[in-house]
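Visitor: Fold the stuff below for me.
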Amino acid sequence: MKNKTKSAFIVIDMENGFIDASAPHCIRNAAATVPALIKAIDAARSFGIPIFFVKRIYRANGSDVELTRYQKWKDGGKAMTPASEGPNSAMAPEGLRPLPGDYTIIKPRWSAFFQTELDLILRRLGIRNVILTGTTTPNCIRTSAYDANSLDYNVVIIEDCCSSQTEEIQRVNIEDMRRMGAVILDSDEFINDYIHCPIVDLAAKIRDEIEESGEIPEDFDFTGKESGWKDKW
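Guide: Sure, this is the predicted structure:
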C-alpha cells in the first residue's frame, strides 16, 4: 500500500525490561499505554505507514550500556541481553512485536537516530514525518524528537502512546516538545484524522521560499577596495 502521508511510525523501547512492573528499569506508566499503542499501530498499518520498532539489546558484558545506567543494569540482573526472556528481557509484549514488512532498529543510546541506520532508511523511503511513540518521554522520545527536528523531519508525537515515570514529567516534556514545533496528537486523533489532515512539510515550504526569494546566502561587499564577505571575523 502506498504511503501517502510520507510518514514513519516509530515505537521506542516497548519491551518487557521497561514495561513489566517487576523489572528494575520499569517505567511506571509504560504498561498503561500498550492498548492505545496497539490500536495506533494497527491504524498506521492500514494507512500504509511503515512501522519501525526501535529497541535496546545490551551486550552481556555491559560494554554498550550507558554510563549512567550501567550500575543499575548490573545490579538489576543485566536486563535486555540478546535472546533474553521474561520480565527483565528485551521481549516485546503481545501486539507490539514486528510483523512482516515492519522494521527493527537496535539503538545503542537514548535517541533512535544516534549511530543507527534509521535516518538512512527513512530518506530512502522518502519519509518526511516521524511519528514517535514509546518510552520514556523525557529521554528516548525527547532525544529522538530533537534529532529528527535537526535532520529536517516533521515531528509528530502521540501523547497517550508515550510514557514517563510521573504525570508531571510527562506533561512538561510534551509541552516543551510542542514549543519546539512538534505536532502533539492523542491516539484517537491519529486514528480518526491523520490520514485526512496531512502534516505541513516545513522543510519543503522553507526550501520553496528560499528558492523563490533569490536572496544570496551570505552578504558580500563588492564596492570597496577589498571585496568579499562583510564579516571580517
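
Visitor: Next, Leu151: phi, psi?
Guide: phi -90, psi 10 (degrees, to the nearest 10).

Visitor: which non-adjacent residue is nearest it?
Guide: Asp119 (5.8 Å; CB to CB, 6 or more residues apart in numbering). Glycine gets a C-beta too; all of them are placed from N, C-alpha and C.

Visitor: Can you tell me the SS state at the one you found?
Guide: Secondary structure, DSSP: H, G, I helix; E, B strand; the rest coil: Asp119 is helix.

Visitor: So, low pLDDT: which residues of the protein?
Guide: The chain contains residues with pLDDT under 70 at 222-227, 232-233.

Visitor: in it, which spans are strands?
Guide: 7-12, 51-55, 103-106, 129-135, 154-163, 183-185, 220-221, 228-229 (DSSP state E).

Visitor: could you dump the ones you listed to CSV with distance to Tyr146 and mean neighbour count?
Guide: Formatted as CSV, the strands of the chain follow (distance: least, CB to CB, whole Å; neighbours: other CB atoms under 10 Å):
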stretch, distance to Tyr146, mean neighbour count
strand 7-12, 14, 27
strand 51-55, 15, 22
strand 103-106, 18, 16
strand 129-135, 11, 27
strand 154-163, 8, 24
strand 183-185, 15, 18
strand 220-221, 33, 11
strand 228-229, 31, 10
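
Visitor: among the ones you listed, which is nearest Ile19?
Guide: Closest to Ile19 of the strands of the chain, according to CB to CB: strand 129-135, at 7.6 Å.

Visitor: picking up where we left off before, JSON lines for the strands of the chain, including distance to Arg207?
Guide: Listed next are those as JSON lines, based on distance: least, CB to CB, whole Å:
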{"stretch": "strand 7-12", "distance to Arg207": "19"}
{"stretch": "strand 51-55", "distance to Arg207": "25"}
{"stretch": "strand 103-106", "distance to Arg207": "27"}
{"stretch": "strand 129-135", "distance to Arg207": "16"}
{"stretch": "strand 154-163", "distance to Arg207": "13"}
{"stretch": "strand 183-185", "distance to Arg207": "19"}
{"stretch": "strand 220-221", "distance to Arg207": "22"}
{"stretch": "strand 228-229", "distance to Arg207": "24"}
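
Visitor: Met91 is nearest to which of those?
Guide: strand 51-55 (9.9 Å).

Visitor: which helices and strands sit right next to the closest one?
Guide: strand 7-12, helix 34-46, strand 103-106, helix 118-124 (3 or more CB pairs under 8 Å, 6 or more residues apart in numbering; DSSP states H and E).

Visitor: And the contacts of it?
Guide: The contact list for strand 51-55 (CB atoms under 8 Å, 6 or more residues apart in numbering) reads 8-15, 41, 44-45, 90, 92, 96-99, 101-107, 112, 116, 118, 121, 134, 144.

Visitor: Now distance to Asn173 too, for the helices and strands packed on strand 51-55, in TSV please.
Guide: Listed next are these as TSV, based on distance: least, CB to CB, whole Å:
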stretch	distance to Asn173
strand 7-12	14
helix 34-46	18
strand 103-106	22
helix 118-124	21
